[in-house]
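Chemist: could you look at this predicted model? Sequence included:
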Amino acid sequence: MDSDQVKEVKMAPSKRQKTFSDSESPPFVIKTVEMHTGGEPVRIITEGYPKIQGKTILEKRAYVRDHLDVFRKRLLWEPRGHYDMYGALLVEPDDKTADIGVLFMHNNGYGTMCGHACIGLGRYVVDKGIVPAKSPETELVIQCPTGPVKVWVDYQDGRSGRARFHSVPAFVFALDQEVDVPNYGRVKVDIASGGAFYAFLPDSSLGLDLRTAPIETVRSAAIAVTEAVRKAVKLRHPEHPDMAYLDGTIITDGRDEYDETPTVHTSVFGGTFVDRSPCGSGTTARVAILHRRGQLDLSKARQFASGPTGSVMTGRPVRETRWGEFDAVIVEVAGNAYYTGTAEFTVEPDDPLKDGFLVK
């Protein structure tokens, strides 16, 4: 691969992290189940990951980040993955109400909440018999780093189907927050958390049209907004300071008033990655904003479509609550996940690219 054929190549492992060598660890064979929700991949790691230390899920997340990060890169980066790949690592929950625990990972690190993955995991848990299937709907709880997520999976005629979830309370952090975005000027954003924090603004504020703008243009604009908000706004989380960070920006079509047709938005999460789905946690956060603005009543559903793929999730505010200092709302998001295959990944010790790379 010639250097002039790519803009940037990242190699793993990073220097700051201690990683396993192939002589220290067992032979690298990891098995996965492959799914997608609305086009966004969910690589569920089922076998072969090294032992994870930590009593709580946040301790496990920190341990994996600090000691086992090479495995994330091997699985999600090229040549086994790609720039926008997404993974879910099953772990033992410490929440006694949870059926499974999960750590979310992408090419830049570890997320706190992922709705599209919870929809896929719901089907997986039911189909694997981790939770006994019940008709017409099976209920289960997934412990995520942000907290417990309750999931209901349709189950009819021996087959799992559509899933819906209630995440931790969603809340609005700021409305009409002004920030200066290089190359775009001063814009207003709404900031809300649906298990992770996002900034929201309409495409017109950036001189874009989601229907026609190239996806790289949308991505670049969203990244610029994310970076500007991170510099200008100090976030607060009700429980965990480590979660008080902006995960990304969601650019909408500006159609916020209630309509029976889907409103379109594009989520650029993890700072730089384009979500192929409408983004479960992002949809949760947007529902919280629409409810706060009086544009979506309790238990009234709205459809949200992905800019890149057109896939649709449904979101509705279920009930009002409070989380710490914030007025909040429990939001239900529903969508469909599908199996795409299974995989068994290996590493040859003499492969110079065995630890992964990214081209963008």
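Modeler: Thanks, I have it.

Chemist: residues in contact with the nearest residue to Asn107 once chain neighbours are set aside?
Modeler: Excluding the flanking residues, the one nearest Asn107 by C-beta to C-beta, 6 or more residues apart in numbering is Leu76, at 5.5 Å. For glycine as for every other residue, the C-beta is placed from the backbone atoms N, C-alpha and C. By C-beta atoms under 8 Å, 6 or more residues apart in numbering, Leu76 lies in contact with Arg43, Met85, Tyr86, Gly87, Met105, His106, Asn107, Gly356.

Chemist: can you list those residues in a markdown table and add secondary structure?
Modeler: Formatted as a markdown table, the contacts of Leu76 follow (DSSP: H, G, I helix; E, B strand; the rest coil):
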| residue | secondary structure |
| --- | --- |
| Arg43 | strand |
| Met85 | coil |
| Tyr86 | strand |
| Gly87 | strand |
| Met105 | strand |
| His106 | strand |
| Asn107 | coil |
| Gly356 | coil |
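
Chemist: biggest separation within these, which pair?
Modeler: Using C-beta to C-beta, the pair of the contacts of Leu76 lying farthest apart is Tyr86 and Gly356, separated by 14.8 Å.

Chemist: which of the two has more neighbours?
Modeler: Applying other C-beta atoms under 10 Å to Tyr86 and Gly356 shows that Tyr86 carries more neighbours, namely 27 against 23.

Chemist: next one, pLDDT for the more buried one please.
Modeler: Tyr86 is assigned a predicted lDDT (pLDDT) of 97.

Chemist: for Thr284, see how far away the nearest residue to Asp154 once chain neighbours are set aside is.
Modeler: Nearest residue to Asp154 in three dimensions, chain neighbours excluded: Gly161, at 3.9 Å (C-beta to C-beta, 6+ apart). According to C-beta to C-beta, to the nearest Å, Gly161 and Thr284 sit 21 Å apart.

Chemist: likewise for Thr56?
Modeler: Going from Thr56 to Thr284 by C-beta to C-beta gives 23 Å.

Chemist: okay, the two: which has more neighbours?
Modeler: Thr284 (31 against 14).

Chemist: what kind of secondary structure is the more buried one in?
Modeler: Recorded secondary structure, Thr284: helix (three-state DSSP).

Chemist: can you pull the contacts of Asp259?
Modeler: Arg302.

Chemist: my read: Val179 touches Val187, true?
Modeler: Yes. Counting by C-beta atoms under 8 Å, Val179 does reach Val187; the two are 6.4 Å apart.

Chemist: what is in contact with these two at once?
Modeler: Common contact partners of Val179 and Val187 (C-beta under 8 Å, 6+ apart): Val225.

Chemist: where do the strands sit along the stretch 1-150 of the chain?
Modeler: According to DSSP state E, counting those that start in this stretch, the stretch 1-150 of the chain carries its strands in the segments 9-11, 29-37, 40-47, 86-91, 100-106, 109-111, 137-144, 147-156.

Chemist: give the other helices and strands that the last one contacts.
Modeler: It stands for strand 147-156. Packed against strand 147-156 by the contact rule (3 or more C-beta pairs under 8 Å, 6 or more residues apart in numbering; DSSP states H and E) you find helix 115-127, strand 137-144, strand 159-166.

Chemist: thanks a lot, see you next time.
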